[in-house]
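In: here is my input; please provide its structure:
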Amino acid sequence: MSQPLSQMSQTAPYDPEHPQIKQLHDPVHGLLELSPLVVQVMDTPEFQRLRGLKQLGVTSFVYPSATHNRFSHSIGVSHLSRTWVRRLRNQAELDIRDRDEECVALAGLVHDLGHGPFSHVWDGEFLKRVRPAGAAPWCHEYGSEMLFDHLVEENNVDLDPEDARFVKNLIHGVRDGERVGLEKRFLFDIVANKRNGVDTDKFDYLSRDCYHLGIKTNFDCSRLLMMSRVIDDRVCFHQKDAFSLYELFHTRFSLHNRVYTHRVGKAIELMVVDCLVAADPYYKFSEAIHDPQRYSLLTDSILDDIARSTADELAPARAILRRINTRDLYHLTDQYALDRAAVQYVNSRSLNDIVEGIVASQDSRYGSTVLTADDVIVNLHKINYGMKDKDPVSEGCHFFSRWDATDAFRMPKRDVTTLLPAVFEEQSLRIFSRDRAKHFAVNAAFRKYARRHLPEERQEADAAATGAANLATTVRLSFDAEGALGRRAHTDAVTSDGDVGSDDDIFDPARPSPLPPQCAKRRRLQAHLPADGPTSVGDGVGRADGEQPNWRNAGSSGSDGIAAATKRFNRNFDLPSADSPNRRNMKRTLRRVGSKGELGDNVLEDWFASGAEHSS
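Out: Numbering: from 1, shown residues only. Modelled structure (predicted):
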């Protein structure tokens, strides 16, 4: 193995037989020192390939400055890994040797060696679609181990086989309870920490991504590195740094929400996947994951190869690339947040089943638009703090106090601050349309599917239907020929001779309300009804009290139409006839009705049909 760092003189003259530490400048971490072994691994075709892999994949189509690559990220992780191990060497009882430090730094350098073109798009989306069902799972860590073995063998890297095995294990990481042989367990918390996710990989990519994206962040990993120590064979942190750890994971959540899963970026990812799937039968990209020689040649430039090709077999792939370059992108038609019951429903079936259900729920209003399964993409969108639905700090990290640096303990989040998330993962369904012309048809079909199958939406649809049925018997609308709103109203409290009943009648809890049951303010709104009886339409403008009603801004929690009608007038409005030019305006207003500003179109259609007799 190469000379240990402790035996290398930084002032000795250059000697090709004994290379010295190399220095380079990094925009994120400043001046870096690279050992001869690290430099030897860097100067290989397998590692130089990382220059052709963008760190954030297709994000540069949305954030133009996000063009940094995995080459610089890997060097940064190696530097931080060595820095952290050197800090832990202050604990003499840990017996950290030069060999341990060198292997951890090397693991940080090659941990992303196995990433494919466009990074996580490759193994997270593309391989799942082209590999046969039942195939063994494959991730970039497996690719890193394969390419690392190939790199060491092809370039005669001076590395002991036992050290090579140690490096590969450090890349893959070890979960709690797994055996690590004779190696020091805490060293596996440095590069790929499977206990809580606090590792140098995350330290570097958060800082580097924010720097190149132009996003300001208050997170700084230097204090965590300096104020950590090993207790009970695990890396622990000072209790004063608990909030800094929450800030670390919140920064990760924020970047996932704003950048990594940006709706336009996700649409382009789906288009790139479709392009690669279309080109795979010709190029056979997916077979390269088992051939290190071929895999070491795959970079983001494969899209350029497709664009330059003239083969007829690649015409569909070239057409998708042209759509990307002309910004004719797939369109996000809907995003539906999932509660716990909806998550269970979605997890109980495949996304293809949901696509088929959406296609089968085509809305009759878009009869001229025929949807097929190829028009719809359903994407399960997950964002969390790194440990699914768990709190990575209070459930995954251990701390020590200034009074006893030998006792490790967990910190409940209430001891950090009460202003922390109650849940640590959110899931939603994202519905994309491959054809922008079918955007509205896909949206309507999904909403119809959701009302029938997703638990929360089904309950709201039932409540909206019940509220609309009550409302249809008490409130009717009338528009004059110029579209102005005419106003006449009455409630069940209006007697047969047109007199308004007493307040006791209005607030009688046994009397059905004209508002849907989910409108919490309905009875308070009724307290403001005019007591001077019904008002005639008059000039058609309907100013019963000299004021024009504001149907769009009044109401409770978005219940624009119903709440405004009840608050100001609560009188009887006549429905316009079927050929009235104002029916469309009224329908558009009524669609905003409901506890969340929405009422099922089928309910509206039934309402109009049942009200036709009143319009004559």
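
In: for Lys54, grab phi and psi.
Out: Dihedral pair for Lys54: phi -70, psi 140, per degrees, to the nearest 10.

In: in the sheet, who's paired with it?
Out: Asn69 (DSSP bridges).

In: could you give the number of residues near it?
Out: 19 (other C-beta atoms under 10 Å). Using the backbone N, CA and C atoms, a C-beta is placed for each residue, glycine as well.

In: also the one 5 residues further on?
Out: For Thr59, the count of nearby residues is 25 (other C-beta under 10 Å).

In: that one against Glu269, yeah?
Out: No - contact criterion C-beta atoms under 8 Å: Thr59 and Glu269 do not qualify, at 9.1 Å.

In: what do the two both touch?
Out: The overlap between the contact sets of Thr59 and Glu269 (C-beta atoms under 8 Å, 6 or more residues apart in numbering) is empty.

In: quick one: list the elements packing against the longest helix anywhere in the chain.
Out: Counting residues, the longest helix in the chain under DSSP state H turns out to be helix 263-283. Under the contact criterion of 3 or more C-beta pairs under 8 Å, 6 or more residues apart in numbering; DSSP states H and E, helix 263-283 touches helix 120-121, helix 127-130, helix 302-308, helix 315-325, strand 331-338, strand 376-384, strand 425-433.

In: let's go with 7 Å and repeat that
Out: With contacts defined as 3 or more C-beta pairs under 7 Å, 6 or more residues apart in numbering; DSSP states H and E, helix 263-283 has these neighbours: helix 120-121, helix 127-130, helix 315-325, strand 425-433.

In: I'd like the ones you listed as TSV, with mean pLDDT appended.
Out: As requested, these are exported to TSV (pLDDT from 0 to 100):
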stretch	mean pLDDT
helix 120-121	94
helix 127-130	94
helix 315-325	98
strand 425-433	97
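
In: out of these, which is closest to Leu225?
Out: For those, proximity to Leu225 was assessed by C-beta to C-beta; helix 120-121 is nearest, at 26.3 Å.

In: Asp389 versus the closest residue to Lys388 other than its chain neighbours, what's the distance?
Out: Excluding its sequence neighbours, the residue lying closest to Lys388 (C-beta to C-beta, 6 or more residues apart in numbering) is Glu425, at 5.6 Å. Distance of Glu425 to Asp389, given as C-beta to C-beta, to the nearest Å: 4 Å.

In: same check on Leu151?
Out: Taking C-beta to C-beta, one finds Leu151 at 38 Å from Asp389.

In: and the two? Which one has more around it.
Out: Taking neighbours as other C-beta under 10 Å, Leu151 and Asp389 compare with Leu151 leading, 20 against 14.

In: quick check: phi and psi on the more buried one?
Out: According to degrees, to the nearest 10, Leu151 has phi -60, psi -50.

In: in the stretch 1-150 of the chain, which spans are helices?
Out: 36-42, 45-48, 70-88, 98-110, 120-121, 127-130, 140-154 (DSSP state H, counting those that start in this stretch).

In: shaky segments in the stretch 401-550 of the chain?
Out: Along the stretch 401-550 of the chain, segments meeting pLDDT under 70 span 456-550.

In: could you redo the last one with a cut-off of 50?
Out: 473-550 (pLDDT under 50).

In: which residues are contacting stretch 435-453?
Out: 331, 333-334, 336, 345, 357-359, 361-363, 365-366, 369, 371, 375-376, 431, 433, 457-458, 461, 600 (C-beta atoms under 7 Å, 6 or more residues apart in numbering).

In: rerun that using 8 Å as the cut-off
Out: By C-beta under 8 Å, 6+ apart, stretch 435-453 touches 328-331, 333-334, 336, 345, 354, 357-363, 365-366, 369, 371, 375-376, 431, 433, 457-458, 461, 600-601.

In: what about burial for these, which qualify?
Out: Buried members of the contacts of stretch 435-453, counted by 16 or more other C-beta atoms under 10 Å: 329-331, 333-334, 336, 345, 354, 357-359, 361-363, 366, 369, 371, 375-376, 431, 433, 457, 461, 600-601.

In: ok, and the closest non-adjacent residue to Ala311?
Out: Nearest one to Ala311, counting by C-beta to C-beta, 6+ apart, is Tyr282 at 6.4 Å.

In: repeat for Ser301
Out: Per C-beta to C-beta, 6+ apart, closest to Ser301 is Gly52, 6.0 Å.

In: do the same with Ile302
Out: Using C-beta to C-beta, 6+ apart, the closest residue to Ile302 is Pro117 (5.3 Å).

In: so that neighbour sits right up against Thr299, yeah?
Out: Yes - counting by C-beta under 8 Å, Pro117 does reach Thr299; the two are 6.0 Å apart.

In: what is in contact with the two at once?
Out: Residues within reach of Pro117 and of Thr299 at once, by C-beta under 8 Å, 6+ apart, are Leu53.

In: so where is this structure shaky, pLDDT-wise?
Out: In the chain (pLDDT under 50), the answer is 1-14, 473-576, 592-601, 603-604, 607, 610-616.

In: pull out the buried residues from stretch 66-82.
Out: Those buried within stretch 66-82 under the rule 16+ other C-beta under 10 Å are 66, 68-82.

In: dump the helices of the stretch 1-150 of the chain into TSV; add distance to His398 as well.
Out: Listed next are these as TSV, based on distance: least, C-beta to C-beta, whole Å:
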stretch	distance to His398
helix 36-42	30
helix 45-48	35
helix 70-88	15
helix 98-110	20
helix 120-121	30
helix 127-130	35
helix 140-154	25
